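J.: Fold the following and give me the result.
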Amino acid sequence: MSQEVALEGVTRRFGEFVAVRNVDLTIRAGEFFSFLGPSGCGKTTILRMISGFIEPTDGVVRIGGRDMRGIGPNKRPTALIFQNLALFPLMPVWQNVAFGLEVRGVGKAERRKRAEELLAIVELSASADKQVADLSGGQKQRVAIARALAVEPQVMLLDEPLSALDLKLRQHMRAELRRIQQRTGVTFIYITHDQGEALTMSDRVGVMSQGVLQQVGTPLEIYNDPATPFVASFVGEANVFAGTVAQTNGTMAHIETSSGTFKARVGRGARSGEAAMLFVRPEHMRLGDAASGTANHVTASFSHAEFEGNFVNVFCDGGLRKPMMAQTRSDPRLLGLAHGEALPMGFDAADAVILPQGDLARE
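T.: Numbering: from 1, shown residues only. Below is the predicted model:
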């Protein structure tokens, strides 16, 4: 069974500091929802309010429609997995999984049976009698998940549980977590600063900055239709052109910048005559002859290229705050360009968005 989690006007202050500011959000039952943002943005504070370790200064947390005010962590239908996992090294794996059941007075035979069922779900049936020290990092992660599931939570809370793993193992565990969530149907609320984790696993993502929930949407919506400059610059790479909106026409607009006048989609809140920013992803930038067929053209000179195997990141100077970046399939000719060589760049109007001027994510 899973439950809906609702945050209604939730604010949390620590003295004069506001860690979370007026968050309104409903996380659906059975959803994999991720809070994404840099360190100190308030995402872990939200998790701790849902779990009951701290209370909101203002607002209400509801789980399954029930007001959680005054209900401690051990009385809430939640389970929390920390970064350090907190497994018991002197217990075999099955006893780690069954620990919460032992606390609740469940008999040994029933505890063992339930532990084996959960270890089957996380594909660790053969490890029931092993010691925790004999497991790999990914296996320990799965034991922690099985232990949390043993107490039959309606909401699983995960605070950056993959951050200590190496890249390959993190990528593998993303798929494992998503598979376990879909198999069990439990509501998962995941905290991360890693956009790859959030975009890969989540049904929806909430992007946070300085205690404010900037945007909530599917991974595709967050990436392709960012609501604010912060979201556009934090989630993925983007080339940014600052200027003024010259005119709007339905869903499209023109923006005048120091690099020229460009046409792009109108984002939320962009208005004629106001300061704005145009964002275009590197994979939408066209180079050389391919740039001639696009709606927008940029005069640029080649700076350098970074070979990434199946693709190349090409950096060009175009008078912006930082070099413009284009991402394209590997082409040996790009690696042979001379520094300062003229290189036409361009992008289509539909592949760029104009947003009101605002704060960018820190580089």
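J.: okay, CA-based contacts and neighbour counts for the rest of this
T.: Fine.
J.: Quick check: Gly250 vs Glu31, distance?
T.: From Gly250 across to Glu31, the span is 35 Å (CA to CA, to the nearest Å).
J.: And these two? Which one has more around it.
T.: Using other CA atoms under 10 Å as the criterion, Gly250 and Glu31 rank with Glu31 on top: 22 against 8.
J.: how about the nearest residue to Pro92 once chain neighbours are set aside, what does it touch?
T.: Nearest residue to Pro92, sequence neighbours excluded (CA to CA, 6 or more residues apart in numbering): Gln131, at 4.6 Å. Under the criterion of CA atoms under 8 Å, 6 or more residues apart in numbering, the contact list for Gln131 reads Pro89, Leu90, Met91, Pro92, Val93.
J.: and what of Arg21?
T.: Val10, Thr11, Arg12, Gly211, Val212.
J.: Need the three-state assignment for it.
T.: Classification of Arg21 by DSSP: H, G, I helix; E, B strand; the rest coil places it in strand.
J.: ditto for Thr328
T.: Using three-state DSSP, the structure places Thr328 in strand.
J.: can you count the residues close to it?
T.: Residues near Thr328, counting by other CA under 10 Å: 18.
J.: Against Asp134, how distant is the spatially most central residue of the chain?
T.: Taking CA atoms, centre = their mean, the centroid of the chain lies closest to Ala198, which sits 3.1 Å from it. Distance from Ala198 to Asp134, counting by CA to CA: 30 Å.
J.: Can you give the distance of stretch 312-330 from its chain's centre?
T.: When C-alpha coordinates are averaged (CA atoms, centre = their mean, to the nearest Å), stretch 312-330 and its chain have centres 25 Å apart.
J.: Also stretch 277-297?
T.: Counting by CA atoms, centre = their mean, stretch 277-297 is centred 27 Å from the centre of its parent chain.
J.: buried set for that stretch?
T.: For stretch 277-297, burial by neighbour count (16 or more other CA atoms under 10 Å) applies to 277-287, 291, 296-297.
J.: Pick the one among the residues you listed closest to Asn313.
T.: Within the buried residues of stretch 277-297, the smallest distance to Asn313 is 8.2 Å, found for Pro282 (CA to CA).
J.: so where do the strands sit in the stretch 101-250 of the chain?
T.: Assigned strands in the stretch 101-250 of the chain, in chain order: 155-159, 187-192, 204-209, 212-217, 239-249 (criterion: DSSP state E, counting those that start in this stretch).
J.: Which other helices and strands does the longest one contact?
T.: Same thing as strand 239-249. strand 252-257, strand 275-280 (3 or more CA pairs under 8 Å, 6 or more residues apart in numbering; DSSP states H and E).
J.: Kindly recompute the last result at 10 Å.
T.: Applying 3 or more CA pairs under 10 Å, 6 or more residues apart in numbering; DSSP states H and E, one finds that strand 239-249 makes contact with helix 229-234, strand 252-257, strand 260-266, strand 275-280, strand 324-329, strand 352-356.
J.: got it, and the second one?
T.: In terms of contacts (3+ CA pairs under 10 Å, 6+ apart), strand 187-192 is packed against strand 17-27, strand 32-36, helix 43-51, strand 78-81, strand 155-159, helix 167-184, helix 195-201, strand 204-209.
J.: Give me the buried positions along the helix or strand of the chain with the lowest mean pLDDT.
T.: When the helices and strands of the chain are compared on mean pLDDT, DSSP states H and E, helix 332-335 comes out lowest with a mean of 72. Within helix 332-335, the residues that count as buried by 16+ other CA under 10 Å are Leu334.
J.: what do you get for stretch 320-327?
T.: Pro323, Met324, Met325, Ala326, Gln327.
J.: for stretch 218-234, same thing?
T.: Residues 218-219, 222-234 are the ones in stretch 218-234 that count as buried (16+ other CA under 10 Å).
J.: so how far does it reach from one end to the other?
T.: With CA to CA as the measure, the ends of stretch 218-234 fall 16 Å from one another.
J.: Report all helices and strands that whichever helix or strand Val312 is part of contacts.
T.: Assigned by DSSP states H and E, Val312 belongs to strand 311-317. Here strand 311-317 touches strand 301-307, strand 324-329, helix 332-335, going by 3+ CA pairs under 10 Å, 6+ apart.
J.: Could you list the low-pLDDT ranges of the stretch 1-150 of the chain?
T.: Within the stretch 1-150 of the chain, the segments meeting pLDDT under 70 span 1.
J.: Let's see that with 50 instead.
T.: The model of the stretch 1-150 of the chain has no residue with pLDDT under 50.
J.: residue contacts, Thr251?
T.: Ala264, Arg265, Val266, Gly267, Ala350 (CA atoms under 10 Å, 6 or more residues apart in numbering).
J.: got it, and Ala242?
T.: Contacts of Ala242 by CA under 10 Å, 6+ apart are 255-259, 275-279, 320-321, 354-357.
J.: mind redoing it with 8 Å?
T.: Thr257, Ser258, Ala275, Ala276, Met277, Leu278, Gln357.
J.: Tell me what the nearest residue to the second one once chain neighbours are set aside is bridged to.
T.: This means Ser258. Leaving aside its chain neighbours, Ser258 sits nearest to Gly243 (7.2 Å; criterion: CA to CA, 6+ apart). Counting by DSSP bridges, Gly243 forms beta bridges with Thr257, Ala276.
J.: distance of Gly243 from Ala270?
T.: Counting by CA to CA, the separation of Gly243 from Ala270 is 12 Å.
J.: Between those two, which contacts overlap?
T.: What both Gly243 and Ala270 touch, as defined by CA under 8 Å, 6+ apart, is the set Ala276.
J.: Tell me which of those two has more neighbours.
T.: The residue with more neighbours, out of Gly243 and Ala270, is Gly243; 24 against 21, by other CA under 10 Å.
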